[in-house]
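**Student:** show me the folded form of this:
(one chain, ligands or ions: 1)
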Amino acid sequence: MDRFVIEGGRPLQGEVQVAGAKNAALPILCASLLTAGQLRIRNLPPLQDVATMLRLLKGMGIRIDRGAGAAGPASEVTLSADAVDRLEAPYELVKTMRASVLVLGPMLARFGEALVSLPGGCAIGQRPVDQHIRGLQAMGADIQIDHGYLRAKAPRLHGAHITTDMVTVTGTENLMMAACLADGTTVIDNAAREPEVIDLARCLIQMGAKIHGAGTDRIQIEGVARLTGTDYAVMPDRIEAGTFLCAVAATGGSIFLRGASADHMGATVEKLREAGLSIHEQADGIRADASQRPRAVNIRTAPYPGFATDMQAQFMALNAIAEGSSLMVETIFENRFMHVQELLRLGAQIRIDGHTAMVQGVTQLTGATVMATDLRASAGLVIAGLVADGETLIDRIYHLDRGYEQMEKKLSALGAHVVRQNSSARAVT
Ligand code: UD1
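**Tutor:** Modelled structure (predicted):
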């Protein structure tokens with residue numbers, strides 16, 4: 001198991017390239033199941049979750065061509081689902097990555113059946129998939145739970161009017177993909193408006209799908225008989241970009257995020273400006289300058305265009321060393337404050353009351369050994385380590401690797417002192 005050793009206290013300075021968005025890449029990879037044609041996907045982030053998704057798709061019989069430079073992690077792949085022979089997403093893969101459930105809708109729509117492991121619980125909360133199931137049932141699917149698996153059948157899906165009980169990102173994506181090949185028109189009300197949903201819709205439209213309203217809370221899909229292959233570049237990762245912006249706001253300094261787009265970062269950019277970060281949007285990226293101690297900002301997570309739950313932990317680290325106190329309310333997941341206990345070890349002053357964290361900014365954090373508990377919590381701990389006095393050791397950094405491309409390299413290029421160590425040799429208790 002790898003860990004990070006961070007020597008804190010250095011301002012960030014320089015330029016980094018922002019990767020393609022993980023949360024757009026994963027559903028777009030699944031869209032390959034909807035066509036026998038070749039789907040070429042570019043700007044793929046070389047992440048563990050992307051590798052897991054490719055493994056899952058390969059196991060189903062999808063041919064994956066990594067193009068030139070096949071040795072390293074691919075930033076581009078061509079997928080051909082013309083000989084799919086195993087309509088199954090096994091537990092071993094789904095348990096490591098919940099987004100695997102995104103194969104359900106496409107498989108069912110194109111092949112009429114699917115066997116997908118139920119994801120089970122995860123560190124940040126319950127995260128059921130009942131809305132995915134209900135929506136597909138409304139489209140005519142017969143879905144049974146069988147030994148921990150969803151066994152779904154539908155000779156042919158038909159259009160339906162679906163209103164989801166809550167805003168769900170992967171739920172919306174699963175249903176939107178299924179509806180592309182259903183008979184007739186599907187309307188998804190209370191649809192997620194996240195930019196990653198729009199990115200998936202764009203790719204599907206390029207494949208021949210008839211989708212209207214992606215980016216609004218009502219998406220209308222007119223089913224077509226078949227989709228074709230296409231060539232699509234994944235959007236930049238707004239969460240990775242936001243994480244680097246929080247880092248520079250916390251450490252001070254000046255960075256340029258090449259390839260980042262502020263278009264979809266409204267709430268994050270607004271809060272960072274409120275915290276005192278100066279942000280300049282440019283055609284080729286985002287420039288940010290931090291010349292003063294950040295000011296504390298109140299946060300309430302909400303579905304897009306509200307403040308992203310995936311940015312909450314990073315802002316918590318920022319608020320921990322900010323001037324003043326803040327209230328942070330998590331409304332999306334019930335157990336997404338696990339980084340708090342770790343931040344306390346670094347000297348942060350945070351109290352939790354249910355879904356609310358009260359953060360009293362301190363002038364200095366001090367390095368300590370902490371443990372990463374989930375993907376975005378890890379990012380928050382890295383930011384805290386970058387500002388803390390002395391050495392911070394972050395264990396279980398594999399959580400971070402699921403969603404950030406070589407973060408230690410990118411941070412080192414900005415002047416931070418972050419070293420990856422393989423801790424497998426150590427006695428771990
Ligand atoms: C996606 C993102 C994740 C982000 C989250 C919230 C991907 C791969 N992951 O996760 O990074 O943190 O959106 O913006 O894009 N819910 C149900 N039943 C369902 C579906 C969801 O009760 O069938 C609940 C969940 O438990 C949660 C809320 O709805 O409380 C939002 O979940 P959802 O948007 O589905 O999250 P994910 O799509 O899993």
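**Student:** tell me the residues of the stretch 1-150 of the chain that contact the ligand?
**Tutor:** N23, L26, R98, A99, G125, Q126, R127, P128, V129, D130, Q131, H132 (C-beta under 6 Å from any ligand atom). (C-beta placed from N, C-alpha, C; glycine too.)
**Student:** any stretches of the stretch 301-429 of the chain with poor pLDDT?
**Tutor:** Residue ranges of the stretch 301-429 of the chain with pLDDT under 70: 423-429.
**Student:** who in it is up against the ligand?
**Tutor:** So far as C-beta under 6 Å from any ligand atom goes, the stretch 301-429 of the chain lies against the ligand at T309, D310, I332, F333.
**Student:** and which of those residues is nearest I255?
**Tutor:** Set against I255, the nearest of those by C-beta to C-beta is D310 (19.9 Å).
**Student:** list the contacts of that closest one.
**Tutor:** D310 sits next to N23, I239, R376 when contact means C-beta atoms under 8 Å, 6 or more residues apart in numbering.
**Student:** again with D395
**Tutor:** M1, R3, T369, V370, M371, A372, S423.
**Student:** show me which of those residues is closest to the ligand.
**Tutor:** Nearest to the ligand among the contacts of D395: A372, at 15.8 Å, using C-beta to the nearest ligand atom.
**Student:** quick one: contacts for the residue lying closest to that closest one once chain neighbours are set aside?
**Tutor:** Spatial nearest neighbour of A372, excluding adjacent residues (C-beta to C-beta, 6 or more residues apart in numbering): S378 at 3.6 Å. S378 is in contact with A372, I394, R396, I397, H399, L400, counting by C-beta under 8 Å, 6+ apart.
**Student:** and the furthest pair within those residues?
**Tutor:** With C-beta to C-beta as the measure, no two of these lie farther apart than I394 and H399, at 9.5 Å.
**Student:** anything in contact with each of the two?
**Tutor:** In contact with both I394 and H399: A372, S378, using C-beta under 8 Å, 6+ apart.
**Student:** pull the distance from stretch 390-397 to the chain's centre.
**Tutor:** How far stretch 390-397 lies from its chain's middle: 23 Å, per C-alpha atoms, centre = their mean, to the nearest Å.
**Student:** how about it: buried residues?
**Tutor:** T392, L393, I394, D395, R396, I397 (16 or more other C-beta atoms under 10 Å).
**Student:** pretty sure the last one contacts D2?
**Tutor:** The reference is to I397. Yes - I397 lies in contact with D2 (C-beta atoms under 8 Å); the separation is 4.8 Å.
**Student:** so A247 lies in a helix, does it not?
**Tutor:** Yes - judged by DSSP: H, G, I helix; E, B strand; the rest coil, A247 forms part of a helix.
**Student:** correct me, but it touches P11?
**Tutor:** No - look at A247 against P11 with C-beta under 8 Å: they stay out of range, at 10.2 Å.
**Student:** just the helices in the stretch 101-250 of the chain please.
**Tutor:** Assignment of helices within the stretch 101-250 of the chain using DSSP state H, counting those that start in this stretch yields the ranges 104-111, 130-138, 169-180, 195-206, 238-251.
**Student:** tell me where the stretch 251-400 of the chain has helices.
**Tutor:** So, for the stretch 251-400 of the chain - with DSSP H, counting those that start in this stretch - the helices run 266-274, 312-320, 338-345, 375-387, 398-401.
**Student:** give me the distance from the helix or strand hosting K409 to the chain's centre.
**Tutor:** Element membership for K409 (DSSP states H and E) is helix 407-413. Offset of helix 407-413 from its chain centre (C-alpha atoms, centre = their mean): 20 Å.
**Student:** show me what that helix packs onto, helices and strands only.
**Tutor:** strand 12-17, helix 375-387, strand 417-422 (3 or more C-beta pairs under 8 Å, 6 or more residues apart in numbering; DSSP states H and E).
**Student:** Provide a list of residues in contact with N298.
**Tutor:** S326, L327, M328.
**Student:** which residues touch the last one?
**Tutor:** Looking back up the chat, that one is M328. Contacts of M328 (C-beta under 8 Å, 6+ apart): N298, I299, R300, Q312, F315, M316, N319, T356, A357, M358, V359.
**Student:** any chance of the residues you listed in CSV, plus distance to I198?
**Tutor:** Formatted as CSV, these follow (distance: C-beta to C-beta, whole Å):
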residue, distance to I198
N298, 28
I299, 24
R300, 23
Q312, 22
F315, 24
M316, 28
N319, 30
T356, 31
A357, 31
M358, 35
V359, 32
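**Student:** and which of those is nearest to the ligand?
**Tutor:** Q312 (9.2 Å).
**Student:** what is the neighbour count of the closest one?
**Tutor:** By other C-beta atoms under 10 Å, 25 other residues sit near Q312.
**Student:** hey, where'd the strands end up in the stretch 251-400 of the chain?
**Tutor:** For the stretch 251-400 of the chain, the strands defined by DSSP state E, counting those that start in this stretch occupy 253-258, 278-282, 285-290, 299-300, 325-329, 349-353, 356-360, 369-371, 391-395.
**Student:** now for the second one, which elements pack on it?
**Tutor:** Packing contacts for strand 278-282, counted by 3+ C-beta pairs under 8 Å, 6+ apart, involve helix 266-274, strand 285-290.
**Student:** what's the residue nearest to G159 when sequence neighbours are not counted in contact with, if anything?
**Tutor:** With sequence-adjacent residues excluded and distances taken as C-beta to C-beta, 6+ apart, G159 is closest to G184, at 3.3 Å. Applying C-beta under 8 Å, 6+ apart, we find G184 in contact with H158, G159, E222, G223.
**Student:** burial of the nearest residue to the third one once chain neighbours are set aside, as a residue count?
**Tutor:** Once flanking residues are discounted, E222 sits nearest to K210: 4.0 Å by C-beta to C-beta, 6+ apart. Other residues within reach of K210, judged by other C-beta under 10 Å, total 14.
**Student:** just the one 3 residues further on next, same as before
**Tutor:** A count of neighbours around G213, defined by other C-beta under 10 Å, yields 15.
**Student:** for it, give its distance to I221.
**Tutor:** 9 Å (C-beta to C-beta, to the nearest Å).
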